[in-house]
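> I need the structure of the sequence given here:
(chains A, B and C)
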Amino acid sequence: MIEAKNIDFYYGDFHALKNISMKMEAHTVTAFIGPSGCGKSTFLRLFNRMNDLIDATRLTGECRIDGADIYHKSVDVDELRKKVGMVFQKPNPFPKSVFENVAYGLRVGGMTDKNRIRQRVEAALTGAALWDEVKDKLKKSAFELSGGQQQRLCIARALAISPAILLMDEPASALDPVSTSKIEDLIHVLKKEYTLVIVTHNMQQAARVSDKTGFFMLGELVEFSDTKKMFLNPEKEETQNYLTGRFG
Amino acid sequence: MKHAEKELIAIKEEVSRMWTLVLSQLEKAKQAFFNNDVEQAREVVSREKRVNTFELKIDSDCENYIALYNPVAIDLRLVLSLIKISYTLERIGDFAEGIARHIVEDSCDAVTESLKDELELAVMFDTVIEMLSDSFTALDSENTRLSGKILAKDERIDAIYRNAIRKLAVYLRKEPAQIECGLKTMLILRKIERIGDHCSNIVEEIVFYIDAKVLKHKKNREPAA
Amino acid sequence: MNKRTSQRIAFGIFRILGISVVGILVGILGFIVYHGVGAVSWEFLTTAPSDGMTAGGIFPAIVGTLCLVAGSLTIAVPLGVMSAIYTTEYAGNGRVIRLIRIMTNNLSGIPSIIFGLFGMALFVNRLGFGDSILAGSCTLGLLVLPVVIRTTEEALKAIPDAFRTGSLALGATRLQTVGRILLPAAFPNIITGLILSVGRVAGETAPILFTVAAYFLPRLPESVFDQVMALPYHLYVIVTSGTDLEAARPVAYGTALVLIVLVLFMNLLASFFRKILDAKKG
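Here you go, the predicted model:
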């Protein structure tokens, strides 16, 4: 279970997240929607501490995963990121072979047993619904795959190290409709084993894949409710205006 | 205004025109009934086709709107309720036509003015016409304050209807020769009562659209607004 | 004059200038090949100079230059690559880092003779290396250090941030990210830096003048503390201060040709290596 409590986040002087509290249950898909610059991606990146990489940021509030404070001094960030995987907006496979891309997380984690690595890679590629398409090109460069395949490769890469949570930052925004629907189908399957949090600027995508939806605007969490409720009967005027395209 | 919004408003206006037509069908059927005006009844029967055309047009407009604009939230609720409202209006149109057909086919002299009075037929007619026009006002002004009043009127119609059946039975026991006319009158009563039910359905759709509350099949239908 | 005519004239001028630059280069090369090719023979390449450097070969100078190239790169590459990694991947963008960048740029603008003088003062005298391959390599290493740093920095900066975030998001440390993702990805471009450095090191005369180069030493070095001959310095010597300048002229052209071919060969080797790497990565 992921839990954020009274989160405030600053980029320098810019107040990017304003007093956000939210709970996400295990084995659910939570979607964050909202206009560009509303803070949804920033909020997502809190959970694997990717915001640490940016200079001059400041965070107050509590961020817990399964009860443990992930911003506690004793937390090993690299270990945290093994538990909280991430898939990015643009497919970003490494300039390596298909196999080595998926094995990367295992290797940097210290796994050396070739057979085990092979098994895990196959399992991860199967889990990402990619195995049948790439089993004959494992040695080929990852760049030879199509955009949609590359993105599923990146999902496989994240799955290989058996995370509990998978964060997805607009995972289908650079893909064509067919690849997008493959990713969406995959999200439905992955839900059984992982807790997923997905940022998307495609509202219909949020509607299709998520159980709960959070609507962000200007750094605030305007509304957080069951996706079905939000898309049929949002509570707040702002949500309604955004969803129906009357925003701004 | 957004393009998608304009499209939706166009559909809503189409429904308004259908509403006006059905309302006038109902009023004309009532006049034909009370005046035994066969010509007027024929007009109602022939205009029924236009009501059907409206329904088909609105149906396809709504389908296109959903397919092309993927409406959500209030837009989705509006388009869903417009589909159901147009379907319901069409049914009300059917009933108006049915009433008119009874008049065209055979005027029953036996159904005297006094019997009409006794059965409170005029009250029933006026009440459903009010319901239909009030619900139109509710949708047009996007206000659900009237909904409680409209739903209450339906209960009143139901009461009058039950009462009228009893009175009709008493009358027919006295005049068994008029049984055929009596049955026809009962059918008309039944149709008016059904129109009242349909008006309630329309109000429920309007409440769903505006307040997103589901009133259907609930005991206490009084909206909290 | 309409637009089309003026454009035609402008591009005509550009073309003439472009062709003339190539022409000059071809001219120089042709001139050297023409005069030098007669002097080059198997013997010329494999024996030491004789008869007051008017005859014999330039073998010790070739070996010396190769030693200096290898030595200076051994010093400059690890140092340069590591400091580039530090400045681009770890240090952020503080005031100190900006100062380091400015200094690095300035370093590459310093005349090479100053490096020679500095090398003599520090490595030859202060550190007591004497005139030696070690002192010369250190001096040449310093000379090409800015080139190595700059090209490595550029190579690292050219790598999309997505690789870094992707690696870190999988729980890799920064060091693992550098070692397993960034350096392999940057390697082809770093090699470009090496090519530039090789050319520079092989061709410089001034920095080795006071630190390593021998006027005449017809034997091969045995350790890094030996002096060596070097091609550019040898060329300088036989053209300006030999025993018989006229007689040594063909030897001079031959030496020049060998130097050019050597640098060219090393460049080709490096770009061949780079192509193989690129192909492997796909």
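> what does chain B have sitting close to chain A?
Residues of chain B lying close to chain A by Cβ under 8 Å from any Cβ of the partner chain are B:2, B:4-5, B:70-77, B:212. (Glycine included, C-beta is placed from N, CA and C.)
> where along chain B do the helices fall?
Under the criterion DSSP state H, chain B contains helices at B:3-35, B:38-69, B:73-105, B:113-118, B:121-140, B:147-174, B:179-211.
> any chance of these in JSON lines, with distance to residue A:98 and mean neighbour count too?
As requested, the helices of chain B are arranged in JSON lines below (distance: least, Cβ to Cβ, whole Å; neighbours: other Cβ atoms under 10 Å in any protein chain shown):
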{"stretch": "helix B:3-35", "distance to residue A:98": "43", "mean neighbour count": "18"}
{"stretch": "helix B:38-69", "distance to residue A:98": "39", "mean neighbour count": "16"}
{"stretch": "helix B:73-105", "distance to residue A:98": "42", "mean neighbour count": "21"}
{"stretch": "helix B:113-118", "distance to residue A:98": "85", "mean neighbour count": "13"}
{"stretch": "helix B:121-140", "distance to residue A:98": "58", "mean neighbour count": "19"}
{"stretch": "helix B:147-174", "distance to residue A:98": "62", "mean neighbour count": "16"}
{"stretch": "helix B:179-211", "distance to residue A:98": "51", "mean neighbour count": "21"}
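> If you average pLDDT over each of the ones you listed, which is lowest?
Of all the helices of chain B, helix B:113-118 carries the lowest average pLDDT, namely a mean of 76.
> Show me what that one is packed up against.
The contact analysis (3 or more Cβ pairs under 8 Å, 6 or more residues apart in numbering or on different chains; DSSP states H and E) places helix B:113-118 against helix B:147-174.
> which other helices and strands contact the helix or strand where residue C:256 lies?
Using DSSP states H and E, residue C:256 maps to helix C:245-281. Contact partners of helix C:245-281 among helices and strands, from 3+ Cβ pairs under 8 Å, 6+ apart: helix C:3-36, helix C:42-46, helix C:59-85, helix C:183-203, helix C:231-240.
> Now tabulate the ones you listed in JSON lines and tack on distance to residue A:215.
What follows is the helices and strands packed on helix C:245-281, written out as JSON lines (distance: least, Cβ to Cβ, whole Å):
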{"stretch": "helix C:3-36", "distance to residue A:215": "55"}
{"stretch": "helix C:42-46", "distance to residue A:215": "77"}
{"stretch": "helix C:59-85", "distance to residue A:215": "43"}
{"stretch": "helix C:183-203", "distance to residue A:215": "39"}
{"stretch": "helix C:231-240", "distance to residue A:215": "71"}
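> right, and the ones you listed - which one's nearest residue B:174?
Evaluated over these, closeness to residue B:174 peaks at helix C:183-203, with 102.7 Å, by Cβ to Cβ.
> okay, that closest one in PDB with CA atoms only?
Below are the C-alpha coordinates for helix C:183-203, written out as PDB (Å, rounded to 0.1, in the frame of the first residue of the first chain):
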ATOM      1  CA  LEU C 183      31.000   4.900 -21.000                       C
ATOM      2  CA  PRO C 184      30.100   2.200 -23.500                       C
ATOM      3  CA  ALA C 185      27.700   4.600 -25.100                       C
ATOM      4  CA  ALA C 186      30.200   7.400 -25.200                       C
ATOM      5  CA  PHE C 187      33.100   5.300 -26.300                       C
ATOM      6  CA  PRO C 188      32.900   5.900 -30.000                       C
ATOM      7  CA  ASN C 189      32.900   9.700 -29.400                       C
ATOM      8  CA  ILE C 190      35.700   9.400 -26.900                       C
ATOM      9  CA  ILE C 191      37.800   7.600 -29.600                       C
ATOM     10  CA  THR C 192      37.300  10.700 -31.800                       C
ATOM     11  CA  GLY C 193      39.100  12.600 -29.000                       C
ATOM     12  CA  LEU C 194      41.900  10.000 -29.000                       C
ATOM     13  CA  ILE C 195      42.300  10.400 -32.700                       C
ATOM     14  CA  LEU C 196      42.800  14.200 -32.300                       C
ATOM     15  CA  SER C 197      45.200  13.600 -29.400                       C
ATOM     16  CA  VAL C 198      47.300  11.100 -31.400                       C
ATOM     17  CA  GLY C 199      47.700  13.500 -34.200                       C
ATOM     18  CA  ARG C 200      48.700  16.300 -31.800                       C
ATOM     19  CA  VAL C 201      51.100  14.200 -29.800                       C
ATOM     20  CA  ALA C 202      52.800  12.600 -32.800                       C
ATOM     21  CA  GLY C 203      53.300  16.000 -34.400                       C
END
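> and it, is it in reach of chain A?
Yes - using Cβ under 8 Å from any Cβ, helix C:183-203 reaches chain A at C:184-185.
> which of the residues in that helix are buried?
Residues of helix C:183-203 classed as buried: C:183-203 (neighbour count, 16 or more other Cβ atoms under 10 Å in any protein chain shown).
> Going C-terminal from it, what's the next secondary structure element?
From helix C:183-203, the next helix or strand downstream (DSSP H and E) is helix C:206-209.
> Outside of that following helix itself, list whatever touches it.
Outside helix C:206-209, the residues that touch it by Cβ atoms under 8 Å, 6 or more residues apart in numbering or on different chains are C:68, C:111-113, C:115-116, C:119, C:136, C:139-140, C:143, C:230, C:232-233.
> In helices, which of the residues you listed appear?
Going by DSSP H, the helices hold C:68, C:112-113, C:115-116, C:119, C:136, C:139-140, C:143, C:232-233 from those.
> what about the closest residue to chain C within chain A, distance to chain B?
Closest residue of chain A to chain C, Cβ to the nearest Cβ: residue A:141 (3.0 Å). From residue A:141 over to chain B the distance is 38 Å, taken as Cβ to the nearest Cβ, to the nearest Å.
> for the residues of chain B next to chain A, which one is nearest chain A?
The closest of these to chain A turns out to be residue B:212 (Cβ to the nearest Cβ; 3.6 Å).
> which ones are touching the closest residue to that closest one other than its chain neighbours?
Spatial nearest neighbour of residue B:212, excluding adjacent residues (Cβ to Cβ, 6 or more residues apart in numbering or on different chains): residue A:233 at 3.6 Å. Shown in contact with residue A:233 (Cβ under 8 Å, 6+ apart): B:73, B:77, B:212.
> Secondary structure class of residue A:198, three-state.
Recorded secondary structure, residue A:198: strand (DSSP: H, G, I helix; E, B strand; the rest coil).
> before we move on, back to that, for the helices of chain B, give me JSON lines that also has distance to residue C:260.
As requested, the helices of chain B are exported to JSON lines (distance: least, Cβ to Cβ, whole Å):
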{"stretch": "helix B:3-35", "distance to residue C:260": "70"}
{"stretch": "helix B:38-69", "distance to residue C:260": "70"}
{"stretch": "helix B:73-105", "distance to residue C:260": "75"}
{"stretch": "helix B:113-118", "distance to residue C:260": "121"}
{"stretch": "helix B:121-140", "distance to residue C:260": "90"}
{"stretch": "helix B:147-174", "distance to residue C:260": "96"}
{"stretch": "helix B:179-211", "distance to residue C:260": "85"}
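> Where does pLDDT dip in the chain?
Using chain A here. The model of chain A has pLDDT under 70 over residues A:247-248.
> let's do chain C instead
For chain C, the ranges with pLDDT under 70 are C:1, C:52-53, C:242-243, C:280-282.
> For chain B, what is the nearest residue in it?
residue C:162 (31.0 Å).
> Next: chain A.
residue A:233 (3.6 Å).
> okay but residue C:220 is in contact with residue C:66, surely?
No - the pair residue C:220 / residue C:66 is not scored as a contact, 10.8 Å apart, by Cβ atoms under 8 Å.
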